[in-house]
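Novice: Below are the sequence and a predicted model; questions follow.
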Amino acid sequence: MKIKDNLSAEDKQIIKEVISDPSIIICPADKGKAIVIEDRDSYLRKMQQQIDEGDYVIEKRKEKTLLDKLHKKLITQLKLMDIDMDDFKEKRRYLVSAPVLGHMYLLIKVHKKNFPGRAVVSQIDDPTYKVCKILTDILSPLTEKGQSFIQNSFHLKKTLNILDIDKNDPSFV
């Protein structure tokens, strides 16, 4: 089945030019399914501001050195847990085959003044990715059983509606 193209040749050319423009960044917005086209220098300033406000240490070692060290630590810890790192299938379950360091990007908050960015760190293909995924699968059901667990905004509203709050209580704000 062939899908009919809804763009003219002129539209396609404009999109190509916009995408290839090195002076802009195209990224998803923080909310909704919108995209943001932002001046590259402005985006990089927002990114630097996020880094400056965070508790980070600038690492002077090369990425490969950091990856190798983290990989070795991970293998050591897995061996201490009696996981057979000589078994290929078992090793593949816990280790990423071509690891890369996590990378940070911004989602632009188009609904806020001056369009600040929300930092996101993607750890897909980070050396610890598969181990973290396994731990998430183990821990998530435990958090859902806690009294303070709120699934979503509808669940929050339902939970608040059944609370008996004394409005004369001095701690009520």
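Specialist: Here it is on my side, so go on.
Novice: Could I get the full set of helices for this protein?
Specialist: 9-20, 40-53, 63-80, 88-94, 129-144, 153-161 (DSSP state H).
Novice: okay, those in CSV with distance to D169, mean neighbour count and mean pLDDT next?
Specialist: To be clear about C-beta, it is placed using only N, CA and C from the backbone, and glycine gets the same treatment. Listed next are these as CSV, based on distance: least, Cβ to Cβ, whole Å; neighbours: other Cβ atoms under 10 Å; pLDDT from 0 to 100:
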stretch, distance to D169, mean neighbour count, mean pLDDT
helix 9-20, 57, 10, 93
helix 40-53, 37, 14, 91
helix 63-80, 49, 13, 90
helix 88-94, 51, 13, 88
helix 129-144, 29, 11, 89
helix 153-161, 16, 10, 88
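Novice: closest one to G117 among these?
Specialist: G117 lies closest to helix 40-53 among these, at 4.3 Å (Cβ to Cβ).
Novice: wait, isn't Y105 in contact with C27?
Specialist: Yes - checked against Cβ atoms under 8 Å, the pair Y105 and C27 is within contact range at 6.8 Å.
Novice: tally of neighbours for D126?
Specialist: When neighbours are defined as other Cβ atoms under 10 Å, D126 has 19 of them.
Novice: ok, the spatially closest residue to it that is not a sequence neighbour - how many residues close by?
Specialist: Nearest residue to D126 in three dimensions, chain neighbours excluded: G102, at 4.6 Å (Cβ to Cβ, 6 or more residues apart in numbering). A count of nearby residues for G102, using other Cβ under 10 Å, gives 13.
Novice: ditto for P28
Specialist: Neighbour tally, P28, other Cβ under 10 Å: 15.
Novice: Just grab the bridge partners of it for me.
Specialist: P28 has these beta-bridge partners by DSSP bridges: I35.
Novice: how close does L101 get to S171?
Specialist: 46 Å (Cβ to Cβ, to the nearest Å).
Novice: repeat for N161
Specialist: For N161, the distance to S171 - Cβ to Cβ - is 20 Å.
Novice: Enumerate every residue touching F88.
Specialist: If you count contacts by Cβ atoms under 8 Å, 6 or more residues apart in numbering, F88 has none.
Novice: Over to I37?
Specialist: Contacts of I37 (Cβ under 8 Å, 6+ apart): 18, 24-26.
Novice: Tell me how many other residues surround P116.
Specialist: P116: 14 neighbours (other Cβ under 10 Å).
Novice: Next, the contact list for it, please.
Specialist: 46, 108-109.
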